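here is a sequence together with a model predicted from it:
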Amino acid sequence: MFSEYLQHLIYGYYPYLAGTVFLVGSLLRYDHGQYTWKTGSSQMLSSKNMRLASNLFHIGILVIFFGHLFGMLTPHWAYAPFLSAGAKQMLAIVIGGIAGVMCLVGGAMLLYRRLTNPRVKASSSVMDNVILGLIVFQAGLGVISVYFSLGHLDGEMMLTLAAWAQAIVFFGGGAADYMAEVSWIYKLHVFLGLTIILLFPFSRLVHVWSVPFGYVTRRYQIVRRRG
């Protein structure tokens, strides 16, 4: 059937296409386009509400990222002795819901600023607006999915999605089959997330590879005043 073929295409093969483009594209851009490897901050052009919007957006998206990373890729047996699937589901709903709202509000403020502020708009590329719009839409889907998650407080849906993610990342095979009975909201959320990963190397998001962890461990620099 066409629907089954589409399911395997999107949730079985598309993740590997997105992952390959993500890794190879990031490497090629770093190697051949270092002058474009930047955040492209527009704070100097207009700082109105920038701090609030930026803090909400970045704190929210970091919590969401690490929550998904460890929540989806940690095997159930690793936390089952001290945390039930239902309890983990509630934890994800509360923390993920708060972080999702923060990311949604902050991202929407930043997007509105990019589309309406003449100076910021003039310095923004099409990809800047597209990737930010996708992230805001994705955050909105995540917040909406909280309502659907309230109908799966036993944690079974979360375990199913985690099984899909682990099958993809660890090359378990048959990953698409896990998505057969998953609600449309989660399917759309996963598809959009994969699309953002696919577009990652072509956007300003590449600057996350340059997080200055070295500043934490580097030696203090002593600066002396000249004679």
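Looks like it arrived, so ask away.

avg pLDDT for stretch 51-58?
The average pLDDT for stretch 51-58 rounds to 91.

pull out the buried residues from that stretch.
Of all the residues in stretch 51-58, those buried under the rule 16 or more other Cβ atoms under 10 Å are Ala53, Ser54, Leu56, Phe57. C-beta coordinates here come from the backbone N, C-alpha and C atoms, glycine included.

take those and write them to CSV, including distance to Lys121.
Formatted as CSV, the buried residues of stretch 51-58 follow (distance: Cβ to Cβ, whole Å):
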residue, distance to Lys121
Ala53, 16
Ser54, 17
Leu56, 21
Phe57, 18
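
show me which pair in those residues is furthest apart.
Distances among the buried residues of stretch 51-58 were taken as Cβ to Cβ; the most separated pair is Ser54 and Leu56, at 7.4 Å.

helices of the chain, residue ranges please.
Using DSSP state H, the helices assigned to the chain run over residues 2-8, 14-32, 50-73, 76-79, 85-116, 118-123, 126-149, 156-169, 184-199, 214-217.

in this structure, which residue is most central in space?
A centroid search over the chain (Cα atoms, centre = their mean) returns Phe65, at 5.3 Å, as the residue closest to the centre.

can you tell me which residues contact it?
Not one residue lies near Phe65 by Cβ atoms under 8 Å, 6 or more residues apart in numbering.

and Ile135, by the same measure?
Taking Cβ under 8 Å, 6+ apart, one finds Ile61, Cys103, Gly107, Ile196 in contact with Ile135.

tell me how many other residues crowd the last one.
The burial count assigned to Ile196 is 18, neighbours taken as other Cβ atoms under 10 Å.

show me where pLDDT drops low in the chain?
33-49, 211-227 (pLDDT under 70).

change it to 90
1-5, 27-51, 77, 80, 82, 113-128, 151-155, 172-174, 181, 203-227 (pLDDT under 90).

make sure Phe191 is actually in contact with Leu6.
No. Judged on Cβ atoms under 8 Å, Phe191 makes no contact with Leu6 at a distance of 10.7 Å.

who has more neighbours, these two?
For Phe191 versus Leu6, neighbours defined as other Cβ under 10 Å are more numerous around Phe191 (17 against 11).

list the contacts of the residue lying closest to that one once chain neighbours are set aside.
Of all residues not flanking Phe191 in the chain, Ile10 sits nearest, at 5.9 Å (Cβ to Cβ, 6 or more residues apart in numbering). For Ile10, the contact set (Cβ under 8 Å, 6+ apart) comprises Ala176, Lys187, Phe191.

good, wrapping up.
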